[in-house]
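mind looking at a prediction? Sequence and model below.
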Amino acid sequence: MSQFNVDTIKGSSGSHGPIIVGVTTVSGNLHVGSAVTVYSSSGIVSATSYYGSGANLTGISVDSTALKDSNDVVRVQANTSGAVVTGIVTATTFIGALTGDASGSSGSCTGNAGGLTGTPDITVRNITGVAATFSGEVTYEDVTNIDSVGIVTARGGFEIGAAGVGGTITAVGNAEFAGIITARTGVKVTAGGIDVTAGGIDVTAGGVNVVGCGTYTTGVDLQGFKVEEFKLETSTGLNGEFDFLLEDGHLQRFTTATGGNYFPDFKVSSTVSLNSIMDVGDAITTVLVVASSSHYCTTGMKIDNTSASIDLDWVGGAAPSAANGSGYDIYSFTIMKVNASPTWHVIANTLGAV
């Protein structure tokens with residue numbers, strides 16, 4: 001085969017290159033201008049730009065629907081409905097609706113959910129979590145059960161049943177129930193008392209223990225026996241003025257020998273006056289039982305530390321002037337409040353003392 005060496009080949013007009021018909025074999029690299037090079041050893045075509053659809057190109061490994069990392073691993077794969085990302089997605093902002101399941105290792109999301117801002121509306125079917133804190137108002141309906149391990153605060157009150165048909169508890173603490181209230185271990189009222197306007201109170205077992213003053217406007221119907229506490233004093237003998245405290249009982253018995261003539265000062269307790277718990281028209285009855293000796297109860301009776309405004313009348317017209325001398329001297333006092341100032345009318349009687 002002969003070799004033909006030339007520097008430049010041009011067409012017949014001299015203005016353009018030759019037109020070659022048939023197969024042309026180039027043993028070295030083929031350069032087309034300065035932009036295209038065909039390398040004979042590797043078959044690589046290098047060009048600054050490619051034009052056309054490339055539909056008839058084959059054997060090309062580049063996938064225009066995928067993005068790979070530096071290890072040639074596909075991380076983002078496009079499909080007909082969107083894109084599938086394998087790995088972590090980091091972005092300064094996400095825009096648009098999020099749908100589907102958010103899951104991580106072992107079916108749970110890990111890490112911190114910090115930096116969530118804005119005011120979106122979220123609609124979900126069920127929420128399961130360890131704890132939740134809401135700074136604003138929470139509104140919900142058709143709750144089956146509420147299990148609270150702490151304090152439940154209802155600032156506007158509490159209603160039982162539709163529109164409170166079963167009962168209500170107001171924001172100031174007033175409670176009203178349409179049915180029966182059952183307190184198996186008792187009811188304790190520390191202040192204010194109990195005001196029963198209708199129906200009464202039915203205590204089937206355990207009794208009623210009232211610490212304070214019970215007021216009955218219509219009457220009291222006591223069926224069965226009545227037990228009342230009284231004071232039994234066995235160590236101190238009476239001598240002069242002594243406190244007859246009604247909190248110790250309306251009947252008080254002194255068994256120790258007296259040291260001199262005596263008279264009572266009636267009070268509810270050392271800190272509560274009789275006047276403070278009695279209204280005009282109220283009355284109480286007390287009984288004093290004293291081991292008889294040579295001393296007796298005199299007329300110096302007091303109420304709430306004063307003998308003023310007391311009209312004392314003894315049954316029979318005169319106060320006792322001597323003791324019985326044996327057994328017991330018994331005195332009864334019916335105390336009536338007749339004026340708010342206060343003014344008292346007391347009817348006294350004696351058995352034993354004369």
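Structure's in. What do you need?

contacts only, for Lys302.
241, 263-266, 310 (Cβ atoms under 8 Å, 6 or more residues apart in numbering). For glycine as for every other residue, the C-beta is placed from the backbone atoms N, C-alpha and C.

from the residues you listed, which land in strands?
When strands are assigned by DSSP state E, the members of the contacts of Lys302 inside them are 241, 263-266, 310.

redo the residues you listed as a markdown table? Include pLDDT and neighbour count.
Below are those laid out as a markdown table (pLDDT from 0 to 100; neighbours: other Cβ atoms under 10 Å):
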| residue | pLDDT | neighbour count |
| --- | --- | --- |
| Glu241 | 97 | 16 |
| Phe263 | 97 | 19 |
| Pro264 | 97 | 21 |
| Asp265 | 98 | 18 |
| Phe266 | 97 | 22 |
| Ile310 | 97 | 17 |
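
any idea which of these is the one closest to Tyr296?
Within the ones in strands among the contacts of Lys302, proximity to Tyr296 (Cβ to Cβ) peaks at Phe263, which comes in at 9.7 Å.

residues in contact with the closest one?
Phe263 sits in contact with 240-242, 297-302, where contact means Cβ under 8 Å, 6+ apart.

can you rerun that using 7 Å?
241, 297-298, 300-301 (Cβ atoms under 7 Å, 6 or more residues apart in numbering).

check Ala178 too.
165-167 are the contacts of Ala178 under Cβ under 7 Å, 6+ apart.

so which of those residues are in strands?
Counted as lying in strands by DSSP E, out of these, are Gly167.

can you list the contacts of Ala178 in a markdown table and add distance to Thr80 and neighbour count?
Listed next are the contacts of Ala178 as a markdown table, based on distance: Cβ to Cβ, whole Å; neighbours: other Cβ atoms under 10 Å:
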| residue | distance to Thr80 | neighbour count |
| --- | --- | --- |
| Val165 | 57 | 10 |
| Gly166 | 58 | 13 |
| Gly167 | 60 | 15 |
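
tell me which of the contacts of Ala178 has the lowest pLDDT.
Model confidence across the contacts of Ala178 bottoms out at Val165, which has 82.

how close does the residue nearest to Ala35 when sequence neighbours are not counted get to Thr190?
With Cβ to Cβ, 6 or more residues apart in numbering as the criterion, Ala35 has its nearest non-adjacent residue at 4.9 Å, and that residue is Thr48. Counting by Cβ to Cβ, to the nearest Å, the gap from Thr48 to Thr190 is 95 Å.

again with Asp265
29 Å.

distance of the residue nearest to Ala35 relative to Val36?
8 Å.

show me which of the two is the more surrounded one.
Per other Cβ atoms under 10 Å, whichever of Thr48 and Val36 has more neighbours is Val36, with 13 against 7.

Ala47 is in contact with that one, correct?
Yes - using Cβ atoms under 7 Å, Val36 is in contact with Ala47, at 4.8 Å.

give me phi/psi at the residue nearest to Ala35?
phi -70, psi -30 (degrees, to the nearest 10).

low pLDDT regions in the stretch 251-354 of the chain?
Counting by pLDDT under 70, the stretch 251-354 of the chain has low-confidence residues at 354.

the strands in it, which residues?
251-254, 262-267, 283-291, 302-303, 310-314, 328-339, 343-351 (DSSP state E, counting those that start in this stretch).

who's in contact with Thr37?
Contacts of Thr37 (Cβ under 7 Å, 6+ apart): 29, 31, 46.

which SS state does it fall under?
strand (DSSP: H, G, I helix; E, B strand; the rest coil).

so what's it bridging to?
Under the criterion DSSP bridges, Thr37 forms beta bridges with His31, Ser46.

per-residue confidence for it?
80.

before we move on, what about Gly192?
The score at Gly192 is 68. That number is its pLDDT.

again, but for Glu229
In this model, Glu229 carries a pLDDT of 91.

ok so, going back, including distance to Ala175, could the contacts of Ala178 go into JSON lines?
JSON lines is the format used below for the contacts of Ala178 (distance: Cβ to Cβ, whole Å):
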{"residue": "Val165", "distance to Ala175": "15"}
{"residue": "Gly166", "distance to Ala175": "12"}
{"residue": "Gly167", "distance to Ala175": "7"}
